[in-house]
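Peer 1: Coordinates for the following, if possible.
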Amino acid sequence: MTGFGSAEGAVGGGRLRIEIRCVNHRFYNPQIKLPAELAALEPEIRDQLRRALERGHVAVSARWVETPEREAKLKVDVARAREAVAALRQLKKKLKLKGEPDLAFVARLPDVLALEADGRAPEVAWSEVAPIVERAARDVVAMRTREGQALAQDLTARLHALAHGADTVAARAPERLTHERDRLAAAVRELTHGVTIDEQRVAVEIAMLAERLDISEELVRLRTHVVAAQALLDGGEKPGEGGGVGKQLGFLAQELLREVNTIGSKANDAPIAQAVIAMKGELERFREQLENLE
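Peer 2: Residues are numbered from 1 along each chain as shown. Alright, predicted model coming up:
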C-alpha cells in the first residue's frame with residue numbers, strides 16, 4: 001500500500017525534516033538515507049518504523065532545514081603572519097621608519113586569524129529524533145488506512161459477486177441432477193433396445209451419479225469462507241492499520257478458489273460452468289487487490 005508522511009522539528013541546535021514514502025512490497029524493506037550526524041540512529045529509526053509498518057518498501061530521507069552550528073576554534077596562520085611581518089619590516093626600511101610591526105595590526109590582516117569548524121558532527125540524541133519519526137510514520141499509516149478502506153469496499157463487492165455466483169449454482173444444482181438422471185435413464189433404454197432391465201440397479205447407478213455430482217458441501221464451505229472474509233473486512237481492525245488482514249484474506253482466497261475449482265470439476269452443466277468462470281474472474285481480481293493490503 002502506498003503512503004507518504006513528513007514531519008520536522010528542532011534537533012541538535014538545528015531543524016530536521018524527515019520524509020517517509022511507502023509503496024507495496026511483500027516484506028518490510030526499509031531504505032534509509034540520513035545525514036552523517038544521524039547515521040548512528042539508523043537502527044532506532046528502522047525498529048520504530050517496523051513497529052508502525054508491517055510490510056512495504058519504505059524509503060526514509062532526512063535533511064537539515066537549518067544546519068546545526070558546529071563548534072569552531074581559532075586558527076592562526078603563522079606562515080601568513082611571518083610574511084606580513086617581513087613585508088612590514090621591508091616597508092619600514094624603505095621608508096626609513098622607526099619601530100617594529102604592531103601585533104594587533106598583524107592580527108587584523110586577512111587570513112592571519114580565522115574561526116574554523118573542528119569538523120566533528122554534533123551529537124544528536126534519539127529522544128530528539130524519535131517524535132519526528134513518529135509523526136511522519138503516523139501520516140503514512142493514516143494515508144494507508146484511507147486507501148485500505150477504499151480497497152475494502154472493492155473487496156466487499158467481489159465477495160458479494162461470489163455469494164451471488166454461489167446462489168446461482170445452488171439454484172441450478174437440483175435441475176442439473178434431474179437432467180443427469182433423465183439422460184442416464186434414456187441412455188440405458190437406448191442401449192438395452194427394449195430389453196427388460198433391473199430398475200433397482202438403474203436407481204442405484206443414478207444415486208451414485210448424484211453423489212458424485214453433488215456440490216452441496218462445496219457450496220456450504222464456499223459460503224462459509226465468504227462470510228469469514230467479510231467479517232475480516234467489517235472488523236474493527238481495517239486493512240492498512242498493520243494487523244495482517246491481507247494475509248488472512250489471502251488464505252481464505254486460496255480456500256475459496258479450491259471450492260470453486262471443485263464445483264467446476266463436478267459441474268457437467270453449461271450454466272454452472274458459466275457461473276464458475278465468472279466466480280474465478282472475481283476471485284482473480286480479489287487476489288490481485290490483496291497484494292495491496294497488509
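Peer 1: So what does residue 27 have for phi and psi?
Peer 2: phi -120, psi 180 (degrees, to the nearest 10).
Peer 1: same deal with the one 4 residues further on?
Peer 2: The main-chain torsion angles of residue 31 are listed as degrees, to the nearest 10 and equal phi -130, psi 120.
Peer 1: how much space is there between residue 173 and residue 158?
Peer 2: Separation of residue 173 from residue 158 (C-beta to C-beta, to the nearest Å) stands at 23 Å. Where C-beta positions appear, they are placed from N, C-alpha and C, glycine not excepted.
Peer 1: again with residue 183
Peer 2: Residue 183 is 35 Å from residue 158, by C-beta to C-beta.
Peer 1: now residue 281
Peer 2: In terms of C-beta to C-beta, residue 281 sits 10 Å off from residue 158.
Peer 1: the more surrounded of these two?
Peer 2: residue 158 (22 against 13; other C-beta atoms under 10 Å).
Peer 1: That one touches residue 285, doesn't it?
Peer 2: Yes - between residue 158 and residue 285 there is a contact at 6.0 Å, judged by C-beta atoms under 8 Å.
Peer 1: Now do stretch 170-178, average pLDDT.
Peer 2: Per-region confidence: stretch 170-178 scores 82 on mean pLDDT.
Peer 1: Can I get it in CSV, CA atoms only?
Peer 2: Output of stretch 170-178 as CSV, limited to C-alpha atoms (Å, rounded to 0.1, in the frame of the first residue of the first chain):
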residue,chain,number,x,y,z
ALA,A,170,-27.3,-23.7,-5.9
ALA,A,171,-30.4,-22.8,-7.7
ARG,A,172,-29.3,-24.7,-10.8
ALA,A,173,-28.0,-27.8,-9.0
PRO,A,174,-31.3,-29.7,-8.5
GLU,A,175,-32.3,-29.2,-12.1
ARG,A,176,-28.9,-30.4,-13.2
LEU,A,177,-29.3,-33.6,-11.2
THR,A,178,-32.7,-34.2,-12.7
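Peer 1: That stretch: how far from the chain's middle?
Peer 2: Centroid separation for stretch 170-178 versus its chain: 44 Å, with C-alpha atoms, centre = their mean, to the nearest Å.
Peer 1: same check, this time on stretch 127-145
Peer 2: Counting by C-alpha atoms, centre = their mean, stretch 127-145 comes out at 15 Å from the chain centroid.
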